[in-house]
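Visitor: The following block contains a protein sequence and its predicted model.
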Amino acid sequence: MADPFSPRLRDPQPQKRPRSSFIRFQAEQPNERWQADITHWHLADDTEIEILNVIDDHSRFLVASDVRKITKAADVVASFHQAAAAHGYPASMLTDNGAVFTAAPRKRRCAIELETASLGIVYTHSSPYHPQTCGKVERFHQTEKKWLAKQGPAATLVELQAKLDRFGAYYNDVRPHRAIGRRTPAEAFAARPRATPRLPGFVVPAHFRVRRDKVDITGTITLRHNSRLHHIGLGRRLIGTRVLVLVADLDVRVLSEDGELIRRLTLDPTRNYQPHGRS
(Lines give C-alpha, C1' and ligand atoms only; values in the text may rest on other atoms or scores of the structure.)
Protein backbone atom coordinates (compact mmCIF):
# COMPACT_ATOMS: atom_id res chain seq x y z
CA MET A 1 0.00 0.00 0.00
CA ALA A 2 1.29 3.39 -0.96
CA ASP A 3 2.38 5.69 1.83
CA PRO A 4 -0.38 8.35 2.21
CA PHE A 5 2.27 10.82 3.42
CA SER A 6 4.43 10.40 0.32
CA PRO A 7 5.15 13.81 -1.29
CA ARG A 8 3.85 12.50 -4.62
CA LEU A 9 0.40 11.82 -3.14
CA ARG A 10 -0.04 15.04 -1.20
CA ASP A 11 -2.40 17.72 -2.43
CA PRO A 12 -0.60 20.27 -4.60
CA GLN A 13 0.32 23.50 -2.84
CA PRO A 14 1.00 26.09 -5.54
CA GLN A 15 1.41 28.82 -2.93
CA LYS A 16 4.60 27.03 -1.86
CA ARG A 17 6.16 26.77 -5.29
CA PRO A 18 9.94 27.21 -5.33
CA ARG A 19 11.47 30.64 -5.70
CA SER A 20 12.96 29.57 -9.04
CA SER A 21 9.46 29.42 -10.52
CA PHE A 22 8.78 33.12 -9.94
CA ILE A 23 9.14 35.41 -12.95
CA ARG A 24 11.24 38.48 -12.15
CA PHE A 25 10.11 41.75 -13.68
CA GLN A 26 12.43 44.68 -14.20
CA ALA A 27 11.59 47.94 -15.90
CA GLU A 28 13.54 48.58 -19.12
CA GLN A 29 14.35 52.24 -18.43
CA PRO A 30 15.18 54.45 -15.45
CA ASN A 31 12.07 56.25 -14.20
CA GLU A 32 9.84 53.75 -15.99
CA ARG A 33 8.50 52.76 -12.59
CA TRP A 34 9.10 53.84 -9.01
CA GLN A 35 8.27 51.57 -6.09
CA ALA A 36 7.33 53.25 -2.79
CA ASP A 37 6.64 51.80 0.64
CA ILE A 38 6.76 52.71 4.34
CA THR A 39 8.70 50.74 6.94
CA HIS A 40 9.07 51.16 10.71
CA TRP A 41 12.08 51.83 12.92
CA HIS A 42 12.78 53.05 16.48
CA LEU A 43 14.72 55.92 17.98
CA ALA A 44 17.06 55.46 20.95
CA ASP A 45 14.17 56.01 23.42
CA ASP A 46 12.14 53.31 21.60
CA THR A 47 9.84 55.85 19.93
CA GLU A 48 8.44 54.22 16.80
CA ILE A 49 8.89 56.19 13.59
CA GLU A 50 8.21 55.63 9.89
CA ILE A 51 10.56 55.71 6.91
CA LEU A 52 9.20 56.30 3.42
CA ASN A 53 11.47 54.73 0.81
CA VAL A 54 11.14 55.18 -2.96
CA ILE A 55 13.38 53.31 -5.41
CA ASP A 56 13.66 53.12 -9.18
CA ASP A 57 12.55 49.71 -10.44
CA HIS A 58 15.09 49.50 -13.28
CA SER A 59 18.28 50.56 -11.49
CA ARG A 60 17.41 50.11 -7.78
CA PHE A 61 18.43 53.76 -7.45
CA LEU A 62 17.15 55.28 -4.20
CA VAL A 63 15.22 58.43 -5.09
CA ALA A 64 13.85 59.16 -1.60
CA SER A 65 14.28 57.99 1.99
CA ASP A 66 12.42 60.26 4.41
CA VAL A 67 11.82 59.71 8.11
CA ARG A 68 8.82 61.08 10.00
CA LYS A 69 7.07 60.22 13.23
CA ILE A 70 3.94 59.50 11.21
CA THR A 71 3.81 59.69 7.43
CA LYS A 72 0.63 61.39 6.26
CA ALA A 73 -0.89 61.71 2.82
CA ALA A 74 0.60 65.16 2.21
CA ASP A 75 4.04 63.86 3.24
CA VAL A 76 3.94 61.30 0.43
CA VAL A 77 3.19 64.07 -2.07
CA ALA A 78 6.01 66.22 -0.66
CA SER A 79 8.56 63.41 -0.86
CA PHE A 80 7.40 62.54 -4.38
CA HIS A 81 7.87 66.09 -5.68
CA GLN A 82 11.23 66.52 -3.97
CA ALA A 83 12.44 63.28 -5.57
CA ALA A 84 11.03 64.28 -8.98
CA ALA A 85 12.74 67.68 -8.78
CA ALA A 86 16.08 65.90 -8.37
CA HIS A 87 15.61 62.91 -10.69
CA GLY A 88 12.70 63.64 -13.04
CA TYR A 89 9.07 62.47 -13.01
CA PRO A 90 8.49 58.71 -13.38
CA ALA A 91 6.25 57.20 -16.03
CA SER A 92 4.52 55.06 -13.39
CA MET A 93 4.45 54.41 -9.68
CA LEU A 94 3.75 51.23 -7.70
CA THR A 95 2.77 51.03 -4.03
CA ASP A 96 0.89 48.74 -1.69
CA ASN A 97 -2.61 49.49 -0.38
CA GLY A 98 -1.70 51.49 2.71
CA ALA A 99 -4.06 54.32 3.67
CA VAL A 100 -1.63 57.03 2.51
CA PHE A 101 -1.30 55.32 -0.89
CA THR A 102 -4.93 54.62 -1.74
CA ALA A 103 -8.40 55.74 -0.67
CA ALA A 104 -10.19 53.02 -2.63
CA PRO A 105 -11.79 51.51 0.53
CA ARG A 106 -13.35 54.94 1.09
CA LYS A 107 -14.41 55.06 -2.58
CA ARG A 108 -12.18 58.06 -3.19
CA ARG A 109 -8.67 58.85 -4.38
CA CYS A 110 -5.95 59.93 -1.98
CA ALA A 111 -3.50 62.82 -2.43
CA ILE A 112 -0.76 60.92 -4.27
CA GLU A 113 -3.30 59.23 -6.55
CA LEU A 114 -4.75 62.61 -7.51
CA GLU A 115 -1.28 64.14 -7.92
CA THR A 116 0.04 61.42 -10.22
CA ALA A 117 -3.18 61.47 -12.27
CA SER A 118 -2.81 65.22 -12.84
CA LEU A 119 0.77 64.66 -14.03
CA GLY A 120 -0.07 61.85 -16.46
CA ILE A 121 1.66 59.20 -14.34
CA VAL A 122 0.32 55.63 -14.24
CA TYR A 123 -0.37 54.65 -10.62
CA THR A 124 -0.86 51.00 -9.64
CA HIS A 125 -1.19 49.05 -6.41
CA SER A 126 0.02 45.61 -5.44
CA SER A 127 -2.47 42.85 -4.80
CA PRO A 128 -3.64 42.73 -1.16
CA TYR A 129 -1.47 40.50 1.04
CA HIS A 130 1.06 40.07 -1.78
CA PRO A 131 4.22 42.00 -0.82
CA GLN A 132 6.24 40.28 -3.55
CA THR A 133 4.76 42.74 -6.08
CA CYS A 134 6.71 45.53 -4.37
CA GLY A 135 9.61 43.17 -3.73
CA LYS A 136 12.40 45.55 -4.75
CA VAL A 137 11.52 48.24 -2.24
CA GLU A 138 10.75 45.58 0.39
CA ARG A 139 14.23 44.16 -0.16
CA PHE A 140 15.70 47.63 0.12
CA HIS A 141 14.04 48.04 3.56
CA GLN A 142 16.02 45.01 4.74
CA THR A 143 19.31 46.36 3.39
CA GLU A 144 18.72 49.78 4.95
CA LYS A 145 17.71 48.35 8.34
CA LYS A 146 20.68 45.99 8.40
CA TRP A 147 22.97 49.00 7.94
CA LEU A 148 21.11 51.07 10.56
CA ALA A 149 21.35 48.25 13.08
CA LYS A 150 25.15 48.47 12.88
CA GLN A 151 25.09 52.20 13.68
CA GLY A 152 24.44 53.73 17.07
CA PRO A 153 20.73 54.37 17.67
CA ALA A 154 19.59 57.86 16.67
CA ALA A 155 18.16 60.07 19.41
CA THR A 156 16.10 62.33 17.15
CA LEU A 157 14.40 62.36 13.76
CA VAL A 158 16.99 64.84 12.50
CA GLU A 159 19.84 62.56 13.53
CA LEU A 160 18.18 59.54 11.93
CA GLN A 161 17.55 61.46 8.70
CA ALA A 162 21.26 62.34 8.57
CA LYS A 163 22.09 58.61 8.87
CA LEU A 164 19.63 57.78 6.09
CA ASP A 165 21.13 60.44 3.84
CA ARG A 166 24.61 59.05 4.48
CA PHE A 167 23.49 55.51 3.74
CA GLY A 168 21.60 56.64 0.62
CA ALA A 169 24.76 58.22 -0.81
CA TYR A 170 26.77 55.06 -0.09
CA TYR A 171 24.04 52.78 -1.49
CA ASN A 172 23.59 54.76 -4.72
CA ASP A 173 27.17 55.71 -5.52
CA VAL A 174 29.51 53.17 -3.88
CA ARG A 175 27.85 49.83 -3.16
CA PRO A 176 27.75 47.41 -6.15
CA HIS A 177 24.36 45.74 -6.59
CA ARG A 178 24.28 42.08 -7.59
CA ALA A 179 20.87 42.32 -9.32
CA ILE A 180 22.15 44.91 -11.81
CA GLY A 181 25.39 43.29 -12.85
CA ARG A 182 27.52 44.48 -9.91
CA ARG A 183 27.10 48.10 -10.97
CA THR A 184 26.09 50.80 -8.54
CA PRO A 185 22.48 52.02 -8.76
CA ALA A 186 23.76 55.44 -9.84
CA GLU A 187 25.65 53.86 -12.75
CA ALA A 188 22.60 51.87 -13.83
CA PHE A 189 20.32 54.91 -13.47
CA ALA A 190 22.58 57.00 -15.72
CA ALA A 191 23.24 54.31 -18.35
CA ARG A 192 19.98 54.64 -20.29
CA PRO A 193 17.58 57.44 -21.26
CA ARG A 194 14.94 58.09 -18.61
CA ALA A 195 11.28 57.33 -19.20
CA THR A 196 8.75 60.15 -18.75
CA PRO A 197 5.00 60.25 -18.07
CA ARG A 198 2.95 59.32 -21.12
CA LEU A 199 -0.67 59.81 -20.09
CA PRO A 200 -2.50 63.01 -21.07
CA GLY A 201 -2.09 65.82 -18.58
CA PHE A 202 1.66 65.89 -18.09
CA VAL A 203 2.97 69.44 -18.14
CA VAL A 204 6.33 70.26 -16.54
CA PRO A 205 6.00 73.65 -14.81
CA ALA A 206 8.84 76.09 -15.36
CA HIS A 207 9.13 76.63 -11.61
CA PHE A 208 7.84 74.21 -9.00
CA ARG A 209 8.14 74.56 -5.24
CA VAL A 210 6.98 72.53 -2.27
CA ARG A 211 6.82 74.18 1.12
CA ARG A 212 5.16 73.71 4.48
CA ASP A 213 3.40 76.38 6.47
CA LYS A 214 1.02 76.96 9.35
CA VAL A 215 -2.12 79.06 9.07
CA ASP A 216 -1.59 82.18 11.21
CA ILE A 217 -4.02 83.96 13.55
CA THR A 218 -5.47 85.95 10.64
CA GLY A 219 -6.36 82.79 8.73
CA THR A 220 -3.64 83.28 6.09
CA ILE A 221 -0.32 81.84 4.92
CA THR A 222 2.46 83.73 3.16
CA LEU A 223 4.12 83.00 -0.14
CA ARG A 224 7.01 84.83 -1.80
CA HIS A 225 6.92 85.38 -5.56
CA ASN A 226 9.54 87.40 -7.45
CA SER A 227 10.86 88.75 -4.12
CA ARG A 228 7.40 90.00 -3.16
CA LEU A 229 5.51 88.58 -0.19
CA HIS A 230 1.89 87.61 -0.77
CA HIS A 231 -0.73 86.65 1.82
CA ILE A 232 -3.18 83.89 0.88
CA GLY A 233 -6.48 83.80 2.75
CA LEU A 234 -7.69 80.38 3.94
CA GLY A 235 -10.21 81.31 6.63
CA ARG A 236 -10.04 81.70 10.40
CA ARG A 237 -11.51 78.25 10.97
CA LEU A 238 -8.12 76.87 9.88
CA ILE A 239 -6.01 78.90 12.32
CA GLY A 240 -3.12 76.74 13.52
CA THR A 241 -3.55 74.15 10.77
CA ARG A 242 -0.34 72.83 9.21
CA VAL A 243 -0.51 72.76 5.41
CA LEU A 244 1.48 71.73 2.36
CA VAL A 245 1.77 74.34 -0.39
CA LEU A 246 2.43 73.24 -3.99
CA VAL A 247 3.44 76.09 -6.28
CA ALA A 248 3.74 75.61 -10.06
CA ASP A 249 4.50 79.00 -11.57
CA LEU A 250 1.38 81.01 -10.58
CA ASP A 251 -0.78 77.97 -9.84
CA VAL A 252 -1.01 77.46 -6.07
CA ARG A 253 -2.56 74.53 -4.23
CA VAL A 254 -2.87 74.27 -0.46
CA LEU A 255 -3.34 70.78 1.03
CA SER A 256 -4.07 69.66 4.56
CA GLU A 257 -1.72 67.13 6.17
CA ASP A 258 -4.26 64.44 5.31
CA GLY A 259 -4.04 65.42 1.64
CA GLU A 260 -7.35 67.26 1.32
CA LEU A 261 -7.34 70.22 -1.08
CA ILE A 262 -8.07 73.35 0.98
CA ARG A 263 -7.68 75.92 -1.74
CA ARG A 264 -6.46 76.28 -5.31
CA LEU A 265 -5.83 79.65 -6.91
CA THR A 266 -3.94 81.49 -9.60
CA LEU A 267 -1.70 83.94 -7.79
CA ASP A 268 -2.23 87.58 -8.75
CA PRO A 269 1.29 89.08 -8.59
CA THR A 270 -0.12 92.62 -8.41
CA ARG A 271 -1.93 92.01 -5.10
CA ASN A 272 -0.29 91.54 -1.72
CA TYR A 273 -3.43 89.84 -0.36
CA GLN A 274 -5.22 87.01 -2.16
CA PRO A 275 -8.65 87.04 -0.50
CA HIS A 276 -10.31 83.80 0.52
CA GLY A 277 -12.61 82.56 -2.20
CA ARG A 278 -10.68 84.27 -5.00
CA SER A 279 -9.59 81.59 -7.51
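Guide: Nice, I can see it.
Visitor: and the spatially closest residue to residue 210 that is not a sequence neighbour, how many neighbours?
Guide: Distances taken as CB to CB, 6 or more residues apart in numbering put residue 81 closest to residue 210, at 4.8 Å, once the chain neighbours are dropped. To be clear about C-beta, it is placed using only N, CA and C from the backbone, and glycine gets the same treatment. By other CB atoms under 10 Å, 20 other residues sit near residue 81.
Visitor: show me where this structure has helices.
Guide: 73-87, 111-118, 135-149, 157-173, 185-190 (DSSP state H).
Visitor: For stretch 42-55, could you pull out the residues that count as buried?
Guide: 43, 49-55 (16 or more other CB atoms under 10 Å).
Visitor: Next one: the residue nearest to residue 210 from residue 68, what distance?
Guide: Between residue 81 and residue 68 the computed distance is 15 Å (CB to CB, to the nearest Å).
Visitor: Please apply the same query to residue 228.
Guide: 32 Å.
Visitor: who's more crowded, those two?
Guide: Higher neighbour count among residue 228 and residue 68: residue 68, with 16 against 11, using other CB under 10 Å.
Visitor: can you pull the contacts of the more buried one?
Guide: 49-50, 52, 75, 157 (CB atoms under 8 Å, 6 or more residues apart in numbering).
Visitor: Which one of the helices of the chain lies nearest to residue 261?
Guide: For the helices of the chain, the distance to residue 261 is smallest for helix 111-118, at 8.0 Å, taking CB to CB.
Visitor: Would you pull up how far the closest one lies from the middle of the chain?
Guide: With CA atoms, centre = their mean, to the nearest Å as the basis, helix 111-118 stands 12 Å off its chain's centre.
Visitor: Buried residues of it, list them for me.
Guide: 111-116.
Visitor: try stretch 58-69
Guide: 58-68.
Visitor: follow-up on the earlier one: mind listing which of the buried residues of stretch 42-55 are in strands?
Guide: 49-55 (DSSP state E).
Visitor: Against residue 257, how distant is residue 44?
Guide: 26 Å.
Visitor: Residue 170: neighbouring residues, count only.
Guide: Count around residue 170 with other CB under 10 Å applied: 12.
Visitor: Need the per-residue pLDDT for it.
Guide: Per-residue pLDDT puts residue 170 at 97.
Visitor: same thing with residue 180?
Guide: 82.
Visitor: Now it: closest residue in space, sequence neighbours ignored.
Guide: residue 188 (4.6 Å).
Visitor: Please apply the same query to residue 237.
Guide: residue 219 (7.5 Å).
Visitor: Model confidence at the one you found, what's the number?
Guide: 95.
Visitor: All set, thanks.
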